[in-house]
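Trainee: no sequence on hand, only this structure:
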């Protein structure tokens, strides 16, 4: 029961983009360095974020990647689900497939409650808020540890 | 970010054993049927539960598997961790390895909070309580749907 590396990296990428002035485009190398994402992973992460409509990519020397949605409208949950698909803590919570034990199995309610608790935390964490928290201790200015 | 099948099956096995009178031993076939665990999975599940000191196995015709600990002292969290190891929602939460970004990365606090919320729900759910909830709607008697 662990977050995938791709989802972790996707959250890092989104936070980095959200620390920059609106519309700022960042090249692939810049994103890889800032989010500390291995190059072979970055393509997958950027594809997932692009498909979910969270970032926009533009080719060329003046191109790069930028947020496609205001960061205050994007939660960590949305980023995780862009990469991993809908959060389903246990297979018995997948609506379509269902579970023959669902009607009586008392564990089902525990998985439902656990998933709700997890979802709530990730939903409450907006990328904009996290970007504002990228600060050195005691400083008022945003600092970028990767500079 | 999904529970492993083995952990799901382990919780089912523990709940089934907890529905039975104290000291009742159940053969492998009975457990496989009750918990709907594929045979090739059951060995791994029983080994994990045994190693964690949650069940005891005895060979022979009068043998079988039984709880090694009172079910009210066992939480779903303990069963999950017996199979999956300590719950770590993200690799950055693994104390030993640490994470170079931990001091300033705002996502770290979100993973800590999400893990705490998840842990709390699983810790609060005791196997004994879940075993008592294995009932048909409107009935006072415990029923076993697999009979």
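Mentor: Here it is on my side, so go on. Computed from a predicted structure; not experimentally measured.
Trainee: contacting residues for residue A:63?
Mentor: Residues in contact with residue A:63 (C-beta atoms under 8 Å, 6 or more residues apart in numbering or on different chains) are A:25, A:27, A:57. From N, CA and C alone the C-beta is placed, and that goes for glycine too.
Trainee: among these, which ones are in helices?
Mentor: For these, not one is inside helices, with DSSP state H as the criterion.
Trainee: now which of those residues would you call buried?
Mentor: residue A:25 (16 or more other C-beta atoms under 10 Å in any protein chain shown).
Trainee: which SSE is the spatially most central residue of chain A in?
Mentor: Nearest residue to the geometric centre of chain A (C-alpha atoms, centre = their mean): residue A:79, 2.8 Å. Residue A:79 belongs to helix A:76-84 when assigned by DSSP states H and E.
Trainee: next SSE after that helix?
Mentor: Sequence order places helix A:106-124 as the next helix or strand after helix A:76-84, per DSSP H and E.
Trainee: now that following helix: buried residues?
Mentor: The neighbour-count check on helix A:106-124 (16+ other C-beta under 10 Å) flags A:106-108, A:110-115, A:117-119, A:121-122 as buried.
Trainee: for those residues, point out the one with the lowest pLDDT.
Mentor: Among these, residue A:106 has the lowest pLDDT, at 86.
Trainee: show the average pLDDT along stretch A:55-62.
Mentor: Mean predicted confidence for stretch A:55-62 is 86.
Trainee: list the buried ones in it?
Mentor: So, applying 16+ other C-beta under 10 Å, buried residues of stretch A:55-62: residue A:55.
Trainee: before we move on, what about stretch A:84-98?
Mentor: Buried residues in stretch A:84-98, defined by neighbour count with 16+ other C-beta under 10 Å: A:84, A:87, A:88, A:89, A:90, A:92, A:93.
Trainee: for the residues you listed, which one is nearest chain B?
Mentor: residue A:90 (4.6 Å; C-beta to the nearest C-beta).
Trainee: the closest one against residue B:4, yeah?
Mentor: No. Residue A:90 is beyond contact range of residue B:4, at 9.6 Å (criterion: C-beta atoms under 8 Å).
Trainee: now do the helix or strand residue A:46 falls within: which elements does it pack against?
Mentor: Assigned by DSSP H and E, residue A:46 belongs to helix A:39-51. Packing partners of helix A:39-51 (3 or more C-beta pairs under 8 Å, 6 or more residues apart in numbering or on different chains; DSSP states H and E): helix A:5-19, helix A:28-35, strand A:55-58, helix A:76-84.
Trainee: for it, what is the average pLDDT?
Mentor: If you average the pLDDT over helix A:39-51, you get 93.
Trainee: list the contacts of that helix.
Mentor: Here helix A:39-51 makes contact (C-beta under 8 Å, 6+ apart) with A:5-6, A:9-10, A:13-14, A:28, A:31-32, A:37, A:55-57, A:65, A:79, A:82-83.
Trainee: near chain B too, which of those residues?
Mentor: Applying C-beta under 8 Å from any C-beta of the partner chain, the subset of the contacts of helix A:39-51 adjacent to chain B comprises residue A:5.
Trainee: show me what contacts residue A:61?
Mentor: If you count contacts by C-beta under 8 Å, 6+ apart, residue A:61 has none.
Trainee: so which bits of stretch A:4-20 are buried?
Mentor: So, applying 16+ other C-beta under 10 Å, buried residues of stretch A:4-20: A:5-20.
Trainee: now stretch A:44-55
Mentor: Quick answer for stretch A:44-55 (16+ other C-beta under 10 Å): A:45, A:46, A:48, A:49, A:52, A:54, A:55.
Trainee: I'd like the distance between residue A:126 and residue B:93.
Mentor: Here residue A:126 is placed at a distance of 21 Å from residue B:93 (C-beta to C-beta, to the nearest Å).
Trainee: now do residue A:106
Mentor: Computed with C-beta to C-beta, the distance linking residue A:106 and residue B:93 is 29 Å.
Trainee: likewise residue A:3?
Mentor: 9 Å.
Trainee: mind listing what residue A:17 touches?
Mentor: Residue A:17 touches A:24, A:26, A:31, A:55, A:65, A:66, A:67, A:71, counting by C-beta under 8 Å, 6+ apart.
Trainee: can I get the buried part of the residues you listed as one PyMOL selection?
Mentor: Applying 16+ other C-beta under 10 Å to these, the buried members can be selected in PyMOL as follows:
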select buried, chain A and resi 26+31+55+65+66+67+71
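Trainee: show me which pair in the contacts of residue A:17 is furthest apart.
Mentor: The span of the contacts of residue A:17, defined through C-beta to C-beta, is set by A:31 and A:71 at 15.2 Å.
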